[in-house]
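Asker: any chance you can model this:
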Amino acid sequence: MLPEVEAWLRKRTSSSKDWPLPWLLEAKGGATVSVVLPARDEAETVGDIVTAIRRDLMDAAPLVDELVVVDSRSVDDTAARAARAGARVVAQDEVLPDLKPLDGKGEALWKSLAATSGDLLVFVDADLREFRTSFVTGLLGPLLADPGVVYVKGCYDRPLRDVQGGGGRVTELVARPLLNLHWPMLAGFVQPLAGEYAGRRSALERVPFVTGYGVELALLIDLLELAGLDALAQVDLGRRVHSHQSTEALGGMAAQILQTCWSRLERQNKMIPLHEPSPRLVQFRREPGGAGGHRAAVRDTAVAERPPMATVPDRRSRATG
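Answerer: Take a look at the predicted model:
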């Protein structure tokens, strides 16, 4: 590990326990806080998360000013449950509606910048189980403690079928090796693909958002380039429990992360591209009647990208919901 990264780890890594609620309330001052949950078909969990945030951090203590669920074309009752629990729900495609709709988690996150007004934004995945509001308070701590910090990533243990540390397969097999190869200054992040993070609007609106599953890695790379390593921090949030996806689904995520890294390597002049990467991913399933007993499934893993929100004209007046 680079000496600069070792020094950063000691300086910029903390625990959610280091940021008690009374201290945060005093440190908040006149800043405003928006919490955003991007959600697609998360009716089973989104209500409990919203309920906890509203109860502990809005009704009992005025830390969070705005709680928004960005519904990403759910076909279950995600939106209804989130609204009943006390969130303001906005439909992804109704935010900046004159823009051509795009797909993916990153699209919902980017749209949330136009649908919210907080100086500080906290992003929380909507599929979390055993959710604790210390996820929110922990992420806000470094931002309220130091105006030089612009972005905070969560880190945690991720059990997989009761195996401690068994989760995060795409992180260990794809994202971490790529960061160590090409962006070693980011090698100190324990969970570079974590879905829980917070940032200053002033920084988040100055970087592009990848619309697919590469959004978390792209934000790290782009914010490092924008603000430098010392402006980034991470907080240990303890244990994160959520639903796990199939190996086939993880393959699609990995492909989008590779596409995202390709674009950053090219943009930062870290490589000389001699061909255009193929956006197609071919995977196989055993199926009677298929060639050799297998059927090929082809998916498009191309990664689209939204420009920095600060460059979008009249972005507030065109946000609805």
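
Asker: can you count the residues close to the spatially closest residue to Ser74 that is not a sequence neighbour?
Answerer: Once flanking residues are discounted, Ser74 sits nearest to Asp41: 4.9 Å by CB to CB, 6 or more residues apart in numbering. (C-beta placed from N, C-alpha, C; glycine too.) A total of 16 residues lie near Asp41 under the criterion other CB atoms under 10 Å.

Asker: is Asp41 in a helix, a strand, or coil?
Answerer: Here Asp41 is recorded as coil under DSSP: H, G, I helix; E, B strand; the rest coil.

Asker: how much space is there between it and Asp157?
Answerer: When distance is defined by CB to CB, to the nearest Å, Asp41 is 26 Å away from Asp157.

Asker: longest single helix anywhere in the chain?
Answerer: Secondary structure of the chain per DSSP state H: the longest helix is helix 247-267.

Asker: which other helices and strands contact that one?
Answerer: helix 169-170, helix 176-182, strand 209-210, helix 215-227, strand 280-291 (3 or more CB pairs under 8 Å, 6 or more residues apart in numbering; DSSP states H and E).

Asker: paired strands for the third one, with orientation please.
Answerer: If I follow you right, that is strand 209-210. Strand pairing for strand 209-210, using DSSP bridges, gives strand 305-306 (antiparallel).

Asker: check the offset of the partner strand from the chain's centre.
Answerer: Averaged C-alpha coordinates place strand 305-306 at 15 Å from its chain's average position (CA atoms, centre = their mean, to the nearest Å).

Asker: hmm, back to that, including mean pLDDT, could the helices and strands packed on helix 247-267 go into JSON lines?
Answerer: Shown next, in JSON lines, are the helices and strands packed on helix 247-267 (pLDDT from 0 to 100):
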{"stretch": "helix 169-170", "mean pLDDT": "88"}
{"stretch": "helix 176-182", "mean pLDDT": "97"}
{"stretch": "strand 209-210", "mean pLDDT": "97"}
{"stretch": "helix 215-227", "mean pLDDT": "98"}
{"stretch": "strand 280-291", "mean pLDDT": "84"}
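
Asker: for the ones you listed, could you give me JSON lines that also reports distance to Ser112 and mean neighbour count?
Answerer: Supplementary listing: the helices and strands packed on helix 247-267 in JSON lines, determined by distance: least, CB to CB, whole Å; neighbours: other CB atoms under 10 Å:
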{"stretch": "helix 169-170", "distance to Ser112": "23", "mean neighbour count": "18"}
{"stretch": "helix 176-182", "distance to Ser112": "25", "mean neighbour count": "16"}
{"stretch": "strand 209-210", "distance to Ser112": "10", "mean neighbour count": "28"}
{"stretch": "helix 215-227", "distance to Ser112": "12", "mean neighbour count": "22"}
{"stretch": "strand 280-291", "distance to Ser112": "28", "mean neighbour count": "11"}
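
Asker: any chance of those in TSV, plus distance to Leu258?
Answerer: As requested, those are exported to TSV (distance: least, CB to CB, whole Å):
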stretch	distance to Leu258
helix 169-170	10
helix 176-182	8
strand 209-210	12
helix 215-227	10
strand 280-291	10
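
Asker: so which of these comes closest to Pro273?
Answerer: helix 176-182 (13.9 Å; CB to CB).

Asker: residues in contact with the closest one?
Answerer: Outside helix 176-182, the residues within contact range by CB atoms under 8 Å, 6 or more residues apart in numbering are Leu186, Ala187, Phe189, Pro192, Leu217, Leu220, Ile257, Leu258, Cys261, Leu265, Lys270.

Asker: and the fourth one, what pLDDT?
Answerer: At Pro192, the model reports a pLDDT of 96.

Asker: how many neighbours does it have?
Answerer: 24.

Asker: three-state assignment of the closest residue to Thr133 other than its chain neighbours?
Answerer: With sequence-adjacent residues excluded and distances taken as CB to CB, 6+ apart, Thr133 is closest to Asp56, at 4.4 Å. Secondary structure state of Asp56, per three-state DSSP, is helix.

Asker: equivalent analysis for Leu102, please.
Answerer: coil.

Asker: so it sits against Ala304, correct?
Answerer: Yes - the pair Leu102 / Ala304 is scored as a contact, 5.1 Å apart, by CB atoms under 8 Å.

Asker: intersection of neighbour lists for these two?
Answerer: Counting by CB under 8 Å, 6+ apart, the residues touching both Leu102 and Ala304 are Thr211.

Asker: so for the two, which residue has more residues nearby?
Answerer: Applying other CB under 10 Å to Leu102 and Ala304 shows that Leu102 carries more neighbours, namely 18 against 14.

Asker: relative to Asp222, how far out is the more buried one?
Answerer: 18 Å.
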